[in-house]
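1. the amino acid sequence is not available; the structure is as follows:
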(Lines give C-alpha, C1' and ligand atoms only; values in the text may rest on other atoms or scores of the structure.)
Protein backbone atom coordinates (compact mmCIF):
# COMPACT_ATOMS: atom_id res chain seq x y z
CA UNK A 1 0.00 0.00 0.00
CA UNK A 2 1.26 3.43 -0.92
CA UNK A 3 0.78 6.47 1.27
CA UNK A 4 1.28 10.22 1.33
CA UNK A 5 2.30 12.44 4.20
CA UNK A 6 0.62 15.76 4.90
CA UNK A 7 1.56 17.87 7.94
CA UNK A 8 3.23 14.89 9.55
CA UNK A 9 0.20 12.66 9.13
CA UNK A 10 0.19 9.64 6.88
CA UNK A 11 -2.71 8.79 4.55
CA UNK A 12 -3.17 5.56 2.65
CA UNK A 13 -3.49 5.79 -1.14
CA UNK A 14 -3.66 3.33 -4.02
CA UNK A 15 -0.69 2.93 -6.35
CA UNK A 16 -1.94 5.80 -8.54
CA UNK A 17 -2.14 8.17 -5.59
CA UNK A 18 -5.91 8.21 -5.05
CA UNK A 19 -6.91 8.34 -1.37
CA UNK A 20 -8.05 4.96 -0.08
CA UNK A 21 -10.42 6.39 2.52
CA UNK A 22 -12.72 9.17 1.43
CA UNK A 23 -13.08 10.19 5.07
CA UNK A 24 -9.35 11.05 5.27
CA UNK A 25 -9.83 14.07 3.04
CA UNK A 26 -9.24 17.56 4.36
CA UNK A 27 -8.60 20.76 2.46
CA UNK A 28 -4.92 20.37 3.33
CA UNK A 29 -4.86 16.89 1.84
CA UNK A 30 -6.61 18.30 -1.23
CA UNK A 31 -3.93 20.97 -1.59
CA UNK A 32 -1.20 18.36 -1.29
CA UNK A 33 -2.83 16.13 -3.93
CA UNK A 34 -3.14 19.17 -6.22
CA UNK A 35 0.59 19.74 -5.88
CA UNK A 36 1.34 16.17 -6.89
CA UNK A 37 -0.73 16.85 -10.02
CA UNK A 38 0.97 20.24 -10.58
CA UNK A 39 -2.39 21.96 -10.40
CA UNK A 40 -2.38 25.43 -8.89
CA UNK A 41 -5.60 25.70 -6.96
CA UNK A 42 -7.77 28.79 -7.49
CA UNK A 43 -11.30 29.54 -6.41
CA UNK A 44 -12.53 28.12 -9.70
CA UNK A 45 -10.71 24.85 -8.96
CA UNK A 46 -12.19 24.60 -5.48
CA UNK A 47 -15.64 25.21 -6.88
CA UNK A 48 -15.30 22.06 -8.97
CA UNK A 49 -13.71 20.07 -6.15
CA UNK A 50 -16.51 21.01 -3.75
CA UNK A 51 -19.07 20.17 -6.40
CA UNK A 52 -17.52 16.74 -6.85
CA UNK A 53 -17.52 16.06 -3.12
CA UNK A 54 -21.17 17.10 -2.83
CA UNK A 55 -22.03 14.92 -5.79
CA UNK A 56 -20.30 11.95 -4.21
CA UNK A 57 -22.00 12.49 -0.87
CA UNK A 58 -25.35 12.48 -2.56
CA UNK A 59 -24.93 9.62 -5.04
CA UNK A 60 -21.99 7.59 -3.72
CA UNK A 61 -20.16 7.66 -7.05
CA UNK A 62 -17.84 10.02 -8.87
CA UNK A 63 -19.66 11.20 -11.99
CA UNK A 64 -18.51 10.41 -15.51
CA UNK A 65 -17.02 13.47 -17.24
CA UNK A 66 -20.06 13.96 -19.47
CA UNK A 67 -22.34 13.86 -16.43
CA UNK A 68 -20.07 16.16 -14.44
CA UNK A 69 -19.94 18.70 -17.25
CA UNK A 70 -23.69 18.80 -17.58
CA UNK A 71 -24.29 18.99 -13.83
CA UNK A 72 -21.73 21.78 -13.39
CA UNK A 73 -23.42 23.74 -16.14
CA UNK A 74 -26.71 23.43 -14.32
CA UNK A 75 -25.33 24.36 -10.91
CA UNK A 76 -22.57 26.88 -11.64
CA UNK A 77 -23.69 28.39 -14.94
CA UNK A 78 -23.65 27.33 -18.57
CA UNK A 79 -20.26 28.99 -19.24
CA UNK A 80 -18.68 26.54 -16.80
CA UNK A 81 -20.54 23.50 -18.07
CA UNK A 82 -18.16 22.78 -20.92
CA UNK A 83 -15.40 20.25 -21.12
CA UNK A 84 -13.11 23.02 -22.35
CA UNK A 85 -13.58 24.94 -19.10
CA UNK A 86 -12.94 21.83 -17.01
CA UNK A 87 -9.86 20.83 -19.02
CA UNK A 88 -8.42 24.32 -18.62
CA UNK A 89 -8.64 23.87 -14.86
CA UNK A 90 -7.53 20.25 -14.90
CA UNK A 91 -5.38 19.71 -18.01
CA UNK A 92 -5.03 15.96 -17.56
CA UNK A 93 -8.75 15.50 -17.29
CA UNK A 94 -11.35 16.42 -14.69
CA UNK A 95 -12.02 12.75 -13.97
CA UNK A 96 -8.44 11.89 -13.33
CA UNK A 97 -7.19 15.05 -11.63
CA UNK A 98 -10.22 16.65 -10.01
CA UNK A 99 -11.44 13.35 -8.54
CA UNK A 100 -8.01 12.69 -7.15
CA UNK A 101 -7.74 16.13 -5.55
CA UNK A 102 -11.27 15.74 -4.18
CA UNK A 103 -10.22 12.52 -2.51
CA UNK A 104 -12.57 10.34 -4.58
CA UNK A 105 -11.92 7.06 -6.27
CA UNK A 106 -11.57 6.99 -10.04
CA UNK A 107 -15.03 7.48 -11.52
CA UNK A 108 -17.14 4.54 -12.60
CA UNK A 109 -17.85 4.73 -16.29
CA UNK A 110 -14.57 6.48 -16.96
CA UNK A 111 -13.52 4.89 -20.24
CA UNK B 1 -30.61 -26.96 17.08
CA UNK B 2 -30.12 -23.48 15.66
CA UNK B 3 -30.96 -23.29 11.96
CA UNK B 4 -29.37 -20.43 10.05
CA UNK B 5 -30.97 -19.42 6.75
CA UNK B 6 -29.34 -16.81 4.50
CA UNK B 7 -31.30 -17.11 1.24
CA UNK B 8 -34.27 -15.05 0.09
CA UNK B 9 -37.44 -17.16 0.29
CA UNK B 10 -38.47 -15.94 -3.16
CA UNK B 11 -35.27 -17.08 -4.79
CA UNK B 12 -34.45 -20.40 -3.14
CA UNK B 13 -36.40 -23.05 -1.28
CA UNK B 14 -33.88 -23.11 1.56
CA UNK B 15 -36.32 -21.86 4.18
CA UNK B 16 -38.97 -24.37 3.03
CA UNK B 17 -36.50 -27.23 3.43
CA UNK B 18 -35.41 -25.98 6.81
CA UNK B 19 -38.99 -25.65 8.07
CA UNK B 20 -39.84 -29.16 6.86
CA UNK B 21 -36.92 -30.70 8.71
CA UNK B 22 -36.54 -28.58 11.84
CA UNK B 23 -37.68 -30.24 15.05
CA UNK B 24 -40.00 -28.78 17.65
CA UNK B 25 -38.17 -26.49 20.05
CA UNK B 26 -35.53 -25.56 17.53
CA UNK B 27 -34.59 -22.00 16.68
CA UNK B 28 -34.32 -20.33 13.30
CA UNK B 29 -32.05 -17.40 12.62
CA UNK B 30 -32.61 -15.46 9.40
CA UNK B 31 -29.58 -13.57 8.08
CA UNK B 32 -28.49 -11.80 4.86
CA UNK B 33 -31.19 -12.16 2.15
CA UNK B 34 -32.96 -14.60 4.46
CA UNK B 35 -34.29 -11.66 6.50
CA UNK B 36 -36.87 -10.84 3.80
CA UNK B 37 -38.83 -13.88 5.03
CA UNK B 38 -39.40 -12.09 8.34
CA UNK B 39 -41.04 -9.00 6.82
CA UNK B 40 -44.72 -8.11 6.76
CA UNK B 41 -46.54 -8.32 3.46
CA UNK B 42 -44.23 -10.84 1.85
CA UNK B 43 -45.81 -13.79 0.09
CA UNK B 44 -44.55 -16.30 2.63
CA UNK B 45 -45.80 -14.35 5.63
CA UNK B 46 -48.37 -16.98 6.65
CA UNK B 47 -45.81 -19.76 6.33
CA UNK B 48 -43.49 -17.99 8.74
CA UNK B 49 -46.39 -17.17 11.04
CA UNK B 50 -47.10 -20.90 11.29
CA UNK B 51 -43.44 -21.51 11.99
CA UNK B 52 -43.55 -19.00 14.85
CA UNK B 53 -45.89 -21.28 16.75
CA UNK B 54 -43.36 -24.11 16.59
CA UNK B 55 -40.00 -22.36 16.69
CA UNK B 56 -38.31 -19.34 18.08
CA UNK B 57 -37.49 -17.16 15.06
CA UNK B 58 -34.73 -14.54 15.02
CA UNK B 59 -33.60 -12.09 12.33
CA UNK B 60 -30.30 -10.25 12.16
CA UNK B 61 -30.90 -6.52 12.64
CA UNK B 62 -27.94 -5.18 10.62
CA UNK B 63 -29.12 -7.19 7.60
CA UNK B 64 -32.66 -5.83 7.97
CA UNK B 65 -31.34 -2.26 8.25
CA UNK B 66 -29.08 -2.67 5.21
CA UNK B 67 -32.11 -3.67 3.15
CA UNK B 68 -34.35 -0.90 4.49
CA UNK B 69 -36.66 -3.52 6.03
CA UNK B 70 -36.10 -3.13 9.77
CA UNK B 71 -39.42 -1.35 10.33
CA UNK B 72 -41.31 -4.20 8.63
CA UNK B 73 -40.33 -7.09 10.85
CA UNK B 74 -43.27 -9.37 11.64
CA UNK B 75 -44.54 -9.47 15.17
CA UNK B 76 -43.15 -12.46 17.03
CA UNK B 77 -39.78 -12.38 15.30
CA UNK B 78 -36.91 -11.35 17.59
CA UNK B 79 -34.21 -9.14 16.09
CA UNK B 80 -30.62 -9.66 17.23
CA UNK B 81 -27.32 -7.90 16.56
CA UNK B 82 -24.00 -9.68 15.88
CA UNK B 83 -23.47 -10.18 19.61
CA UNK B 84 -26.87 -11.84 19.81
CA UNK B 85 -25.93 -14.04 16.85
CA UNK B 86 -22.89 -15.29 18.77
CA UNK B 87 -24.99 -15.86 21.90
CA UNK B 88 -27.49 -17.94 19.91
CA UNK B 89 -24.75 -20.13 18.50
CA UNK B 90 -23.28 -20.58 21.97
CA UNK B 91 -26.66 -21.34 23.58
CA UNK B 92 -27.54 -24.15 21.21
CA UNK B 93 -26.06 -27.62 21.33
CA UNK B 94 -25.45 -27.50 17.59
CA UNK B 95 -26.27 -25.41 14.57
CA UNK B 96 -26.78 -25.80 10.87
CA UNK B 97 -26.20 -23.27 8.14
CA UNK B 98 -28.62 -23.95 5.30
CA UNK B 99 -26.64 -22.75 2.31
CA UNK C 1 -17.36 8.98 -29.86
CA UNK C 2 -18.28 7.54 -33.26
CA UNK C 3 -21.82 7.77 -34.56
CA UNK C 4 -22.75 4.11 -34.43
CA UNK C 5 -26.18 2.59 -34.57
CA UNK C 6 -28.17 2.97 -31.41
CA UNK C 7 -29.23 -0.37 -30.00
CA UNK C 8 -31.80 -1.12 -27.38
CA UNK C 9 -30.12 -2.47 -24.25
CA UNK C 10 -32.12 -3.87 -21.37
CA UNK C 11 -30.66 -4.72 -18.00
CA UNK C 12 -32.81 -7.09 -15.99
CA UNK C 13 -32.20 -6.99 -12.25
CA UNK C 14 -33.56 -10.01 -10.40
CA UNK C 15 -31.50 -10.22 -7.20
CA UNK C 16 -31.75 -8.56 -3.80
CA UNK C 17 -28.89 -6.20 -2.91
CA UNK C 18 -25.98 -7.16 -0.59
CA UNK C 19 -26.70 -10.90 -0.32
CA UNK C 20 -24.91 -11.37 -3.63
CA UNK C 21 -22.80 -9.03 -5.73
CA UNK C 22 -25.14 -9.08 -8.77
CA UNK C 23 -27.04 -5.87 -7.99
CA UNK C 24 -23.89 -3.77 -7.61
CA UNK C 25 -22.21 -5.34 -10.64
CA UNK C 26 -25.25 -4.62 -12.77
CA UNK C 27 -25.32 -1.01 -11.62
CA UNK C 28 -21.66 -0.55 -12.55
CA UNK C 29 -22.18 -2.06 -16.00
CA UNK C 30 -25.17 0.23 -16.51
CA UNK C 31 -23.13 3.32 -15.61
CA UNK C 32 -20.41 2.31 -18.03
CA UNK C 33 -22.90 1.55 -20.79
CA UNK C 34 -24.30 5.07 -20.37
CA UNK C 35 -21.09 6.40 -21.93
CA UNK C 36 -21.96 4.77 -25.26
CA UNK C 37 -25.19 6.68 -25.90
CA UNK C 38 -27.35 3.63 -26.34
CA UNK C 39 -31.05 3.22 -25.64
CA UNK C 40 -30.83 1.78 -22.13
CA UNK C 41 -33.66 0.52 -19.99
CA UNK C 42 -33.59 -1.13 -16.58
CA UNK C 43 -36.02 -3.70 -15.32
CA UNK C 44 -36.42 -4.64 -11.67
CA UNK C 45 -38.26 -7.89 -11.24
CA UNK C 46 -38.46 -10.71 -8.66
CA UNK C 47 -36.15 -9.91 -5.71
CA UNK C 48 -34.56 -7.17 -7.84
CA UNK C 49 -37.29 -4.77 -6.69
CA UNK C 50 -35.60 -4.76 -3.27
CA UNK C 51 -32.67 -2.88 -4.83
CA UNK C 52 -34.85 0.23 -4.98
CA UNK C 53 -36.23 0.00 -1.42
CA UNK C 54 -35.99 3.29 0.47
CA UNK C 55 -34.16 3.56 3.77
CA UNK C 56 -31.19 1.23 3.24
CA UNK C 57 -28.61 1.64 6.03
CA UNK C 58 -25.55 -0.53 5.53
CA UNK C 59 -23.30 0.66 8.33
CA UNK C 60 -24.00 -2.44 10.39
CA UNK C 61 -22.97 -4.88 7.68
CA UNK C 62 -19.97 -2.77 6.66
CA UNK C 63 -20.97 -2.75 3.00
CA UNK C 64 -21.15 0.25 0.73
CA UNK C 65 -24.72 1.53 0.49
CA UNK C 66 -25.09 1.89 -3.27
CA UNK C 67 -28.81 2.65 -3.22
CA UNK C 68 -28.27 6.46 -3.59
CA UNK C 69 -26.58 5.76 -6.92
CA UNK C 70 -29.89 4.77 -8.50
CA UNK C 71 -30.89 8.40 -8.08
CA UNK C 72 -27.89 9.44 -10.18
CA UNK C 73 -29.11 7.46 -13.20
CA UNK C 74 -31.28 10.36 -14.33
CA UNK C 75 -28.14 12.50 -14.73
CA UNK C 76 -26.68 9.71 -16.88
CA UNK C 77 -29.75 10.02 -19.14
CA UNK C 78 -31.01 6.64 -18.02
CA UNK C 79 -34.66 7.37 -17.48
CA UNK C 80 -36.38 4.13 -18.37
CA UNK C 81 -36.82 2.23 -15.14
CA UNK C 82 -39.46 -0.49 -15.10
CA UNK C 83 -40.63 -2.39 -12.05
CA UNK C 84 -42.64 -5.59 -12.07
CA UNK C 85 -46.02 -5.00 -10.41
CA UNK C 86 -46.44 -8.62 -9.31
CA UNK C 87 -43.00 -8.69 -7.69
CA UNK C 88 -43.80 -5.62 -5.60
CA UNK C 89 -47.14 -7.01 -4.53
CA UNK C 90 -45.59 -10.35 -3.51
CA UNK C 91 -43.16 -8.48 -1.26
CA UNK C 92 -45.55 -6.07 0.36
CA UNK C 93 -44.04 -3.10 -1.48
CA UNK C 94 -45.73 -0.18 -3.20
CA UNK C 95 -44.35 2.55 -5.45
CA UNK C 96 -44.04 4.79 -2.36
CA UNK C 97 -41.42 2.40 -0.97
CA UNK C 98 -39.07 3.01 -3.90
CA UNK C 99 -36.32 5.63 -3.92
CA UNK C 100 -36.64 6.63 -7.58
CA UNK C 101 -39.47 7.33 -10.00
CA UNK C 102 -40.31 4.22 -11.97
CA UNK C 103 -42.87 2.87 -14.38
CA UNK C 104 -44.74 -0.05 -12.86
CA UNK C 105 -45.63 -2.78 -15.35
CA UNK C 106 -47.21 -6.17 -15.33
CA UNK C 107 -45.15 -9.25 -16.18
CA UNK C 108 -46.99 -9.49 -19.47
CA UNK C 109 -46.11 -5.92 -20.43
CA UNK C 110 -42.49 -6.45 -19.41
CA UNK C 111 -42.37 -9.54 -21.56
CA UNK C 112 -43.47 -7.54 -24.58
CA UNK C 113 -40.90 -4.85 -23.89
CA UNK C 114 -38.21 -7.50 -23.61
CA UNK C 115 -39.09 -8.79 -27.07
CA UNK C 116 -38.34 -5.36 -28.54
CA UNK C 117 -34.74 -5.28 -27.30
CA UNK C 118 -31.54 -5.87 -29.24
CA UNK C 119 -29.58 -6.91 -26.18
CA UNK C 120 -30.89 -8.20 -22.85
CA UNK C 121 -28.52 -8.74 -19.95
CA UNK C 122 -29.78 -10.34 -16.76
CA UNK C 123 -28.17 -10.01 -13.37
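-> Thanks, I have it. Treat the numbers as computed from the prediction; the structure is a model and nothing was measured. Residues are numbered from 1 along each chain as shown, chains lettered A, B, ... in the order given.

2. tell me which stretches of the chain form helices.
-> Went with chain A since none was named. A:27-36, A:43-59, A:65-76, A:83-89, A:99-101 (DSSP state H).

3. chain B is the one I meant
-> Using DSSP H, helices in chain B cover B:14-21, B:45-54, B:61-66, B:82-91.

4. winner for burial among these?
-> Counting by mean count of other CB atoms under 10 Å in any protein chain shown, helix B:61-66 has the highest mean neighbour count of these, with a mean of 23. Quick note: C-beta positions are derived from backbone N, CA and C, even for glycine.

5. which parts of the helix or strand of chain C with the lowest mean pLDDT are buried?
-> Ranked by mean pLDDT, DSSP states H and E, the weakest helix or strand in chain C is helix C:22-33, scoring a mean of 95. Buried residues in helix C:22-33, defined by neighbour count with 16 or more other CB atoms under 10 Å in any protein chain shown: C:22-24, C:26-27, C:29-31, C:33.

6. take those and lay them out in JSON lines including distance to residue A:49.
-> Formatted as JSON lines, the buried residues of helix C:22-33 follow (distance: CB to CB, whole Å):
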{"residue": "C:22", "distance to residue A:49": "34"}
{"residue": "C:23", "distance to residue A:49": "30"}
{"residue": "C:24", "distance to residue A:49": "27"}
{"residue": "C:26", "distance to residue A:49": "30"}
{"residue": "C:27", "distance to residue A:49": "25"}
{"residue": "C:29", "distance to residue A:49": "28"}
{"residue": "C:30", "distance to residue A:49": "27"}
{"residue": "C:31", "distance to residue A:49": "22"}
{"residue": "C:33", "distance to residue A:49": "28"}
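
7. of those, list those near chain A.
-> Contacts with chain A are made by residue C:31 out of these, judged by CB under 8 Å from any CB of the partner chain.

8. nearest to chain A among the buried residues of helix C:22-33?
-> Distance to chain A across these (CB to the nearest CB) is lowest for residue C:31, with 4.2 Å.

9. thought the closest one was touching residue A:61?
-> Yes: the criterion here is CB atoms under 8 Å, and residue C:31 meets it with residue A:61 at 7.1 Å.

10. contact partners of stretch A:65-80?
-> Applying CB atoms under 8 Å, 6 or more residues apart in numbering or on different chains, the external contacts of stretch A:65-80 come out as A:47-48, A:51-52, A:55, A:63, A:81-83, A:85-86, A:93-95, A:107, A:109-110, C:34-35, C:72, C:75-76.

11. which among the helices of chain A is found nearest to residue B:16?
-> Proximity to residue B:16 (CB to CB) singles out helix A:43-59 among these, at 38.4 Å.

12. in that closest one, what counts as buried?
-> A:45-46, A:48-49, A:51-53, A:55-56, A:59.

13. quick one, that helix and helix A:65-76 angle?
-> Interaxial angle, helix A:43-59 versus helix A:65-76 (axes from the mean of the first three to the mean of the last three CA atoms, to 10 degrees): 110 degrees.

14. please see if helix A:43-59 touches chain C.
-> Yes: residues of helix A:43-59 contacting chain C under CB under 8 Å from any CB: A:58-59.

15. contacts only, for residue A:99.
-> A:18, A:52, A:62, A:105-107.

16. for the residue of chain A at minimum distance from chain C, which non-adjacent residue is closest in space?
-> At 3.8 Å from chain C, residue A:59 is the closest residue in chain A, using CB to the nearest CB. Nearest in space to residue A:59, with sequence neighbours left out and distances taken as CB to CB, 6 or more residues apart in numbering or on different chains, is residue C:72 at 3.8 Å.

17. pretty sure that neighbour is touching residue A:61, no?
-> Yes: if you go by CB under 8 Å, residue C:72 and residue A:61 touch, sitting 6.2 Å apart.

18. so is stretch C:80-96 next to chain A?
-> No: Stretch C:80-96 lies apart from chain A when judged by CB under 8 Å from any CB; the minimum separation is 15.4 Å.

19. in chain B, what residue is nearest chain A?
-> Proximity of chain B to chain A (CB to the nearest CB) peaks at residue B:66, 14.1 Å away.

20. so who does that residue touch?
-> Counting by CB under 8 Å, 6+ apart, residue B:66 touches C:17-18, C:56-58, C:60-61, C:63, C:65.

21. same check on residue A:39?
-> Applying CB under 8 Å, 6+ apart, one finds that residue A:39 lies in contact with A:45, A:89-91, A:97, A:101.
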